[in-house]
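Asks: I would like to see how this sequence folds:
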Amino acid sequence: MFRIESKIDINGTEFERNKSRYMELLEQYKEILATIKKGGPEQSVSRHKERGKLLARERIDLLVDRNTPFIELSSLAAYGMYDNGFPSAGIITGIGVIHGKEVMIIANDATVKGGTYVKQTIRKHIRAQEIAMENRLPCVYMVDSGGVFLPEQANVFPDKYDFGRLFFNQARLSGMSIPQIAVVMGSCTAGGAYVPAMSDETIIVRNQGTIFIGGPPLVKAATGEEVTAEELGGAEVHTMISGVADHLAENDVHAIQICRNIFESIRRHQYQELEIHPIEEPFYDPAELYGILPIDLKKQVDSREIIARIVDGSLFHEFKERYAPTLTTGFARIMGYPLGIIANNGVLFGETALKGAHFVELCTSRNIPILFLQNITGFIVGKQFERGGIARDGAKFVHAVANAGVPKFTVIFGGSFGAGNYAMAGRAYEPRFLFMYPSSKISVMGGEQAANVLITVKEDQLKAAGKKLSPEEREKMLQTILKKYEDEGSAYYSTSRLWDDGIIDPVDTRKILGLAIAISQNKKYEKTQYGIFRM
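Replies: As a prediction, this is how the structure comes out:
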């Protein structure tokens, strides 16, 4: 491999100006994240601690091996929704290491509305289970939840991907011999009672954990029987009488230690071998990304400058360097792991799509994971290109990406618009993980393009009726559309709705991708089988 030669003047005025603006965006992101990580209201947090309970993130810190990374997923789920009453959607999910094994951890935050579930909570829980299924990760459920948030019941109960899907997935995961471990550290009510009941092993904390299909109020309403929560489904009941739980813990710390002990006997069933090299830090400082990453998406950034600051040694073996230059393709290593990289350097032409499809074939034939670095406005448009078969050639690229059996990872470092999102392994194309930077944008098209299209349509409609837009009406319509696309195209809007797996600090990209590739090794890579490429 050859070292990428950076052409960025890191002492220049433009670099410093861009870095200053990016640091403002990053600081805003970190302030939001810090607020979100406090959990629920202070009163709820204080009450939780007074009961002798650890906070959700404190529980996770004790569970994972010391000095090992924990990748928290979708930290800003539900941000800007529900009057910001559900920070992190009331649930913490992420991947950590227990006794050297990567594990998916799903922990309810009882300081947020009693750990109850709204739509985004369910989506986040299900997404964590999907990742566990894709990568054969054992699951630990740290349960402290009142079940469905009843005022939202119509939005969380009956559909395919609503509350019941959690237990469906749990059964499927167990059926795939992927261990399911539950630690009941609080309430486990109604449908939520199935989480421990369907787990391989269940731990429950004395005088703290409860499991019941119907709580005391429901029992009284249904049968007239008066019973305390502890009598109905406490730790003594379920470890001595019902057998629903297998281990009795005295407190949170004890329960976590029992959980760690369980993982001493859990073994990996499959493993994908990769040729791993010694880790080498990038030749260029990753912090330089702050001065390089695009804030104004009209300014094109050479994706090689991004690659140079995330790959080992800044070394890159480029494929078809001189052909179709609006797409950069080639091989590199991240944290010692081999990786194919496909990165945008402009709009997608027919030849660009062919180059991308060819490179995907190379990666799948060599069993090498693929990283997609997105900064894409979409495919080229116009009479010349339509007649040249841009749709046909673009379909080849999309087809190759959709059927690639190797793990795909996607990072949106700029914009992600239109069909370019699909070709570059957007969410619909099932990358193992998809992350965004604080400056990233995502929508069906850019705001200005959308505004011009919608205004033109409106003007044509009025013209047919013998009317026309006044300059003032046109300007008002333009500004309304631009604001809508600015708000709905932001990284925060995306991550709130789990269109991605989280916003990340650009300098953490190497670490996160390295762990993501390691996680993907827990399952043998699938054999790639393509269908029909329209020639």
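Asks: sec struct for Pro158, please.
Replies: coil (DSSP: H, G, I helix; E, B strand; the rest coil).
Asks: low-confidence ranges in this structure?
Replies: Applying pLDDT under 70 to the chain flags no residue at all.
Asks: could you identify the longest helix within it?
Replies: Secondary structure assigned by DSSP state H gives helix 13-36 as the longest helix of the chain.
Asks: on the three-state scheme, the residue of the chain most remote from its centre is what?
Replies: Distance to the chain centre peaks in the chain at Gly466, reaching 49.8 Å (criterion: Cα atoms, centre = their mean). Look at Gly466: counting by three-state DSSP, its state is coil.
Asks: do Ile106 as well
Replies: Strictly by three-state DSSP, Ile106 counts as strand.
Asks: can you count the residues close to it?
Replies: Using other Cβ atoms under 10 Å, Ile106 has 23 other residues around it. Every C-beta, even on glycine, is put in place using the N, C-alpha and C of the backbone.
Asks: same check, this time on Ser470
Replies: 9.
Asks: so it versus Ala451, what's the distance?
Replies: 17 Å (Cβ to Cβ, to the nearest Å).
Asks: do Tyr485 as well
Replies: 8 Å.
Asks: quick one: the helices in the stretch 351-500 of the chain?
Replies: 383-387, 390-403, 418-423, 447-464, 471-488, 491-496 (DSSP state H, counting those that start in this stretch).
Asks: what residues does the shortest one touch?
Replies: To tie it back to what came earlier, the one meant is helix 383-387. 349-350 (Cβ atoms under 8 Å, 6 or more residues apart in numbering).
Asks: do that again at 7 Å, thanks
Replies: Gly350 (Cβ atoms under 7 Å, 6 or more residues apart in numbering).
Asks: can you show me the CA trace of that helix as CSV?
Replies: Provided in CSV are the C-alpha atoms of helix 383-387 (Å, rounded to 0.1, in the frame of the first residue of the first chain):
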residue,chain,number,x,y,z
LYS,A,383,-31.2,13.9,-21.2
GLN,A,384,-27.7,12.8,-22.2
PHE,A,385,-27.3,10.6,-19.1
GLU,A,386,-30.7,9.1,-19.2
ARG,A,387,-30.1,8.1,-22.9
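Asks: may I see the buried residues of that helix?
Replies: The neighbour-count check on helix 383-387 (16 or more other Cβ atoms under 10 Å) flags Phe385 as buried.
Asks: chain center to that helix: distance?
Replies: Mean C-alpha position of helix 383-387 versus that of the full chain (Cα atoms, centre = their mean, to the nearest Å) differs by 37 Å.
Asks: what do you get for stretch 61-68?
Replies: For stretch 61-68, the distance to the chain centre is 21 Å (Cα atoms, centre = their mean).
Asks: now the end-to-end length of that stretch.
Replies: Using Cα to Cα, to the nearest Å, the end-to-end distance of stretch 61-68 comes to 10 Å.
Asks: which of the residues in it are buried?
Replies: Those buried within stretch 61-68 under the rule 16+ other Cβ under 10 Å are 63-65.
Asks: what's the answer for stretch 76-84, then?
Replies: Quick answer for stretch 76-84 (16+ other Cβ under 10 Å): 76-79, 81-82.
Asks: stretch 274-293 now?
Replies: In stretch 274-293, counting by 16+ other Cβ under 10 Å, buried: 274, 282-284, 286, 288-293.
Asks: as JSON lines, those residues with secondary structure and distance to Gly164 would be great.
Replies: Below are the buried residues of stretch 274-293 laid out as JSON lines (DSSP: H, G, I helix; E, B strand; the rest coil; distance: Cβ to Cβ, whole Å):
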{"residue": "Leu274", "secondary structure": "coil", "distance to Gly164": "37"}
{"residue": "Pro282", "secondary structure": "coil", "distance to Gly164": "46"}
{"residue": "Phe283", "secondary structure": "coil", "distance to Gly164": "51"}
{"residue": "Tyr284", "secondary structure": "coil", "distance to Gly164": "49"}
{"residue": "Pro286", "secondary structure": "helix", "distance to Gly164": "43"}
{"residue": "Glu288", "secondary structure": "helix", "distance to Gly164": "48"}
{"residue": "Leu289", "secondary structure": "helix", "distance to Gly164": "42"}
{"residue": "Tyr290", "secondary structure": "helix", "distance to Gly164": "44"}
{"residue": "Gly291", "secondary structure": "helix", "distance to Gly164": "49"}
{"residue": "Ile292", "secondary structure": "helix", "distance to Gly164": "46"}
{"residue": "Leu293", "secondary structure": "coil", "distance to Gly164": "41"}
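Asks: out of the residues you listed, what pair is the most spread apart?
Replies: Leu274 and Gly291 (32.7 Å; Cβ to Cβ).
Asks: about what we covered before: ok, so of the buried residues of stretch 76-84, who is nearest Val183?
Replies: The closest of these, once distances to Val183 are taken by Cβ to Cβ, is Ala77, at 21.7 Å.
Asks: what sits against that closest one?
Replies: Residues in contact with Ala77 (Cβ under 7 Å, 6+ apart) are 88-89, 120, 124, 496, 498.
Asks: one more pass at 8 Å, please.
Replies: So Ala77 contacts 88-89, 91, 120-121, 123-124, 495-496, 498 (Cβ under 8 Å, 6+ apart).
Asks: reformat those as a markdown table; add distance to Met142 and neighbour count.
Replies: Formatted as a markdown table, these follow (distance: Cβ to Cβ, whole Å; neighbours: other Cβ atoms under 10 Å):
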| residue | distance to Met142 | neighbour count |
| --- | --- | --- |
| Ser88 | 14 | 26 |
| Ala89 | 15 | 29 |
| Ile91 | 10 | 28 |
| Gln120 | 19 | 24 |
| Thr121 | 14 | 29 |
| Arg123 | 19 | 21 |
| Lys124 | 14 | 24 |
| Thr495 | 22 | 25 |
| Ser496 | 23 | 19 |
| Leu498 | 20 | 21 |
